[in-house]
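Q: need a structure here:
(one chain, ligands or ions: 1)
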Amino acid sequence: MSRVQFPIHHTFGPLVTREQWKQAFYMQFKFWKWKNGKEKEELKEELEARFGEHATFFGSGRDALLATLRAIGITPGDEVILQGFTCGVVPNSIHAAGGVPIYCDIDPQTLNIDISKFHHTITSRTRAVICQHTFGIPAEAKKIKTICERRGIMFIEDCAHIIPDDGDKKQMSLLEAEAHAGGIGLHGDAVILSFGRDKAISGVTGGAVITKHIALAKVLNEEEKKASSISMWKIMHLIGYPIRYSFAKFLWKLPLGPILAKAYLRWIRKIGFLVPVLTKSEKQGRVNVLLKKMPNACAVLALQQLKDLHNLNNHRRKISNIYIEAASKSGWHMPEGTLKSIALQKFPVFARDAVGLRRDLKREEIYLDDGWCGAVVNPRNLDQESFGYAAGTCPISEDIAKHIVSLPTHPTMNEEQAKYLVHALRYYLG
Ligand SMILES: Cc1ncc(COP(=O)(O)O)c(C=O)c1O
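A: Numbers count the residues shown, from 1 in each chain. Down below sits the predicted model:
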């Protein structure tokens, strides 16, 4: 255990692999490629080959969601169903499109929409459902799709947390793909991807919509053309993210490293050199209705990770297996659906005192606050009502939010760290 590297974390550049660092470093000097370039086209071809459908790009997953809601013609007052225990950007996109978010409670074994409750959330105003595969655990997408078809509801599949590997549908039958990855990405009228910094693959920012409907793809193409470009200044900061976090990790290893690294990160955040994941106004439920284009520089990073997806997901499987072994030995409580995921973005477990656990481990340089704990609409410091959530609507989600602790599985987490974490958790779980 002596070779364990600290910090153990969720958010400290989780997808900044050596390869991504190199790509980001060289991209700093190729400013003519920042906005436009052939890599965005290559990423599109690669995604279309994997999913066998049309892909359009936007500045983030939340923009991709908003573009989709607009493209399917959400009008003021239309209801869009989403699950409890989600990220604030999802209801924000619904609000930005003029819709009303309607929360459906979750199944504690999958952390996804509870199909038995889904029926009760549908009304004559329901136009769409956003079905999330939380942390990569497959939702019951096939069943949801059947209900949507029967009721004339658009089915948006949110794959922000997972892109299945070995899922080239050109070579796999639908049945095989369903069996292989729980049908993730197969059933949605539109499938949303995010290339955010802690997602399935990272371009630091970016998002895509994949759809088999030609008419919908055309409208989305128009939305993509109309979207505004992210400024060169902001792109410079976005592609600087892998470099800045790598430097912080280097500082962490020095004497007084944690103090230096944290001070450095605080400082670059203060001077605006780190682009926040959620802006101040997004946290207040105020929504930017202007769509942004995905910068080519971010496509360069995302393309490299998409090509490496099998290795990235293999790594997640390897780390998850360490937790699964510990869970079965020590009787950890966890959602059963975890075992059905082909690659977990995070490994969820339940603790009686999740807050105390995180607080205690933080003293050992283990940071398990991933922003997905303590609230139905995350992060927990959001004013839930501004995001359309009324307390008591989703009791299971509220309970899960209190007890969930997520363990990192990301590509820069190594096996020694995972084993150390299991050791550190011995007094808290089981
Ligand atoms: C479930 C889910 N959907 C969509 C998004 C939006 O992704 P992005 O951060 O790229 O806007 C997120 C982001 O956290 C998410 O967790």
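
Q: residue in this structure nearest to the ligand?
A: Proximity of the chain to the ligand (Cβ to the nearest ligand atom) peaks at residue 61, 2.5 Å away. Quick note: C-beta positions are derived from backbone N, CA and C, even for glycine.

Q: And stretch 344-357, end to end?
A: Its start and end residues considered, stretch 344-357 measures 21 Å (Cα to Cα, to the nearest Å).

Q: and that stretch, which residues are buried?
A: 344, 345, 346, 347, 348, 349, 350, 351, 354, 357 (16 or more other Cβ atoms under 10 Å).

Q: go on, stretch 216-224?
A: In stretch 216-224, counting by 16+ other Cβ under 10 Å, buried: 216, 217, 219, 220, 223, 224.

Q: Okay, now the unreliable bits of the chain?
A: 1-2, 167-172, 174 (pLDDT under 70).

Q: let's go with 50 and repeat that
A: Residues of the chain that meet the criterion pLDDT under 50 lie in 167-169.

Q: Report the residue ranges of every domain in it.
A: With domains defined by automatic domain parsing, the chain comprises 34-226, 308-424.

Q: Give me whichever of the ones you listed is most buried.
A: Greatest average neighbour count among these goes to domain 34-226 (a mean of 21), per mean count of other Cβ atoms under 10 Å.

Q: quick one: contacts for the nearest residue to residue 366 once chain neighbours are set aside?
A: The shortest distance from residue 366 to any non-neighbouring residue, by Cβ to Cβ, 6 or more residues apart in numbering, is to residue 8 (4.4 Å). Residues in contact with residue 8 (Cβ atoms under 8 Å, 6 or more residues apart in numbering) are 365, 366, 367, 408, 413, 417, 420, 421.

Q: picking that back up, make CSV from the domains of the chain and add distance to residue 292 to it.
A: CSV is the format used below for these (distance: least, Cβ to Cβ, whole Å):
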stretch, distance to residue 292
domain 34-226, 3
domain 308-424, 21
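
Q: For residue 251, which of the ones you listed is the nearest?
A: domain 308-424 (13.4 Å; Cβ to Cβ).

Q: can you list the contacts of residue 8 in CSV and add distance to residue 243 and secondary structure?
A: Formatted as CSV, these follow (distance: Cβ to Cβ, whole Å; DSSP: H, G, I helix; E, B strand; the rest coil):
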residue, distance to residue 243, secondary structure
365, 22, coil
366, 25, strand
367, 21, coil
408, 21, strand
413, 20, coil
417, 22, helix
420, 27, helix
421, 27, helix
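
Q: and for stretch 23-37, what are the contacting residues?
A: 39, 204, 229-230, 232, 235-236, 239-243, 293, 295-297, 299-301, 304.

Q: Can you go through the residues you listed and name the buried ones?
A: Buried subset of those (neighbour count, 16+ other Cβ under 10 Å): 39, 204, 230, 235, 239-243, 293, 295-297, 299-301, 304.

Q: Sort out which of these are in helices and list them.
A: Among those, the members found in helices (DSSP state H) are 39, 235, 239-243, 296-297, 299-301, 304.

Q: Looking at those residues, which one is closest to residue 156?
A: Residue 156 has its nearest neighbour among these in residue 299, at 22.5 Å by Cβ to Cβ.

Q: That closest one contacts residue 39, doesn't it?
A: Yes. Using Cβ atoms under 8 Å, residue 299 is in contact with residue 39, at 4.7 Å.

Q: Kindly tell me how buried the closest residue in space to residue 59 that isn't next to it in sequence is, as a neighbour count.
A: Closest residue to residue 59 apart from its sequence neighbours, by Cβ to Cβ, 6+ apart: residue 292 at 2.8 Å. Using other Cβ atoms under 10 Å, the number of residues around residue 292 comes to 19.

Q: So what touches the helix or strand containing residue 80?
A: If you go by DSSP states H and E, residue 80 is part of strand 79-83. For strand 79-83, contacts defined as Cβ under 8 Å, 6+ apart pick out 69, 74, 90-91, 94, 97, 99-106, 112-113, 118, 121-123, 125-132, 134, 394, 397.

Q: Over to stretch 418-430?
A: 1, 4, 8, 319, 322-323, 326, 330-333, 349, 351, 353, 356-357, 360-361, 364, 366, 405, 407-408.

Q: show me what contacts the residue lying closest to residue 246 once chain neighbours are set aside?
A: Closest residue to residue 246 apart from its sequence neighbours, by Cβ to Cβ, 6+ apart: residue 21 at 5.2 Å. For residue 21, the contact set (Cβ under 8 Å, 6+ apart) comprises 242, 243, 246.

Q: how close does the residue of the chain most remote from its centre sit to residue 332?
A: In the chain, counting by Cα atoms, centre = their mean, residue 255 sits farthest out from the average C-alpha position, at 34.1 Å. Using Cβ to Cβ, to the nearest Å, residue 255 is found at 36 Å from residue 332.

Q: count of neighbours near the spatially closest residue to residue 308 that is not a sequence neighbour?
A: Spatial nearest neighbour of residue 308, chain neighbours left out: residue 19 (6.9 Å); criterion: Cβ to Cβ, 6+ apart. Residues near residue 19, counting by other Cβ under 10 Å, number 16.

Q: Residue 19 and residue 312 touch, don't they?
A: No. Between residue 19 and residue 312 there is no contact under Cβ under 8 Å: 10.2 Å.

Q: Please, which helix or strand holds the residue nearest to residue 303 when sequence neighbours are not counted?
A: Spatially, and ignoring its direct neighbours in sequence, residue 303 is nearest to residue 43 (4.5 Å; Cβ to Cβ, 6+ apart). Using DSSP H and E, residue 43 maps to helix 38-51.

Q: Mind giving me the packing neighbours of the longest strand along the chain?
A: Counting residues, the longest strand found in the chain (DSSP state E) is strand 126-132. Contacts defined by 3 or more Cβ pairs under 8 Å, 6 or more residues apart in numbering; DSSP states H and E place strand 126-132 against strand 79-83, helix 89-96, strand 112-113, helix 141-151, strand 154-158.
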